[in-house]
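Trainee: Just need the structure, nothing else, for what follows:
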Amino acid sequence: MNREQKAAVIDEIAAQINESEAVYAVDYRGITVAQAAELRAKLRDADATLRIVKNTLTIRAADQAGVEALKPMLEGPTALTFANGDAASAAKAVFDYARSTGLLPFKGGTLNGEGLAPEQVQSIARLPTRDVLNAQFVNIVASPLTGLVTSLSNLISGLARQLSQVAEKKESGEIPAGDPPAAAPAAAAEPAPAAPAEPEAEATAPEAPADEPTAEPEAAAEPATDDTPSDTDEEKE
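Mentor: From the prediction side, this is the model:
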């Protein structure tokens, strides 16, 4: 590989590092070509790619991309997984394949340029994928609406059953049918105008009482007669 070819590889790896949401480094010792092809097919479904790289060129690519956290992992046989889509889906694909084959142990990785230890990559691999999280979020949002629709449906069904039971009881005579509605009363005839009231007779002044006969004057005291003895006569005697 001449200098121009090396420069092209460095540029290509640096572009993949910058464009990827996450990069996972694994030790590919012991993996066969067929196994590598099988893993690449699984990663393709997760919108990720697997690339076996030369450490010296990848270190220069990491310098060019400004991702220093990736450089310590570039020792020994190294393959890089570039996660272009969901980081959890790509980590899960590598983790599940490594667990089933006993190969491809994680060396670490980067997430948005930040370094990850092997244990952290495995924790990401155990997370629900983005599609699962989206489905859970939709269920959380739709749950109150579903409960409301169910409650309204149960309420309407219960009301319909009650009305049906009432109708059956009316047909069987258990509940007497109501009297037919009374006809609207005819418009009442306008009352005849009342005759004007006769003016009340003027109150007559009470007649003055007839003059009562005046009482006769009492008889004047009779003058003393000569028979009444006077003091002078007594003196004469």
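Trainee: just so I have it, where are all the helices in the protein?
Mentor: With helices called from DSSP state H, the chain shows them at 3-19, 33-45, 55-65, 87-101, 118-125, 130-171, 231-236.
Trainee: mean pLDDT lowest for which of these?
Mentor: Lowest mean pLDDT within those: helix 231-236, a mean of 42.
Trainee: can I get the CA coordinates of stretch 56-70 in PDB?
Mentor: Extracted in PDB, the C-alpha atoms of stretch 56-70 (Å, rounded to 0.1, in the frame of the first residue of the first chain):
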ATOM      1  CA  THR A  56      -1.400   2.300  12.800                       C
ATOM      2  CA  LEU A  57      -3.700   3.700  10.200                       C
ATOM      3  CA  THR A  58      -6.700   3.800  12.600                       C
ATOM      4  CA  ILE A  59      -4.700   5.800  15.200                       C
ATOM      5  CA  ARG A  60      -3.900   8.400  12.500                       C
ATOM      6  CA  ALA A  61      -7.600   8.400  11.600                       C
ATOM      7  CA  ALA A  62      -8.600   8.900  15.200                       C
ATOM      8  CA  ASP A  63      -6.200  11.800  15.400                       C
ATOM      9  CA  GLN A  64      -7.800  13.300  12.200                       C
ATOM     10  CA  ALA A  65     -11.300  12.800  13.600                       C
ATOM     11  CA  GLY A  66     -10.400  14.300  16.900                       C
ATOM     12  CA  VAL A  67     -11.500  11.200  18.900                       C
ATOM     13  CA  GLU A  68      -8.600  10.500  21.200                       C
ATOM     14  CA  ALA A  69     -10.600   8.100  23.400                       C
ATOM     15  CA  LEU A  70     -10.500   5.500  20.600                       C
END
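Trainee: mind giving me the domain ranges of the protein?
Mentor: Using automatic domain parsing, the domain ranges for the chain come out as 7-127, 128-173.
Trainee: quick one, which of those is nearest to Met1?
Mentor: domain 7-127 (7.5 Å; Cβ to Cβ). Placement of C-beta: from N, CA and C, glycine included.
Trainee: mind exporting stretch 99-110 as PDB, just the C-alpha atoms?
Mentor: Coordinates of each C-alpha in stretch 99-110 appear next as PDB, following Å, rounded to 0.1, in the frame of the first residue of the first chain:
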ATOM      1  CA  ARG A  99     -22.100 -14.700  23.500                       C
ATOM      2  CA  SER A 100     -23.200 -17.400  21.100                       C
ATOM      3  CA  THR A 101     -19.800 -18.000  19.600                       C
ATOM      4  CA  GLY A 102     -17.500 -17.200  22.500                       C
ATOM      5  CA  LEU A 103     -15.600 -14.800  20.200                       C
ATOM      6  CA  LEU A 104     -15.300 -11.000  19.700                       C
ATOM      7  CA  PRO A 105     -14.700  -9.700  23.200                       C
ATOM      8  CA  PHE A 106     -15.300  -6.000  23.600                       C
ATOM      9  CA  LYS A 107     -12.200  -3.800  24.000                       C
ATOM     10  CA  GLY A 108     -14.400  -0.700  24.600                       C
ATOM     11  CA  GLY A 109     -15.800   2.000  22.300                       C
ATOM     12  CA  THR A 110     -16.900   5.600  21.900                       C
END
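Trainee: Next, the buried residues of that stretch.
Mentor: For stretch 99-110, the neighbour count (16 or more other Cβ atoms under 10 Å) marks Leu103, Leu104, Phe106, Lys107, Gly108, Gly109, Thr110 as buried.
Trainee: before we move on, the earlier item: export the domains of the chain to JSON lines and tack on distance to Met1?
Mentor: Below are the domains of the chain laid out as JSON lines (distance: least, Cβ to Cβ, whole Å):
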{"stretch": "domain 7-127", "distance to Met1": "8"}
{"stretch": "domain 128-173", "distance to Met1": "38"}
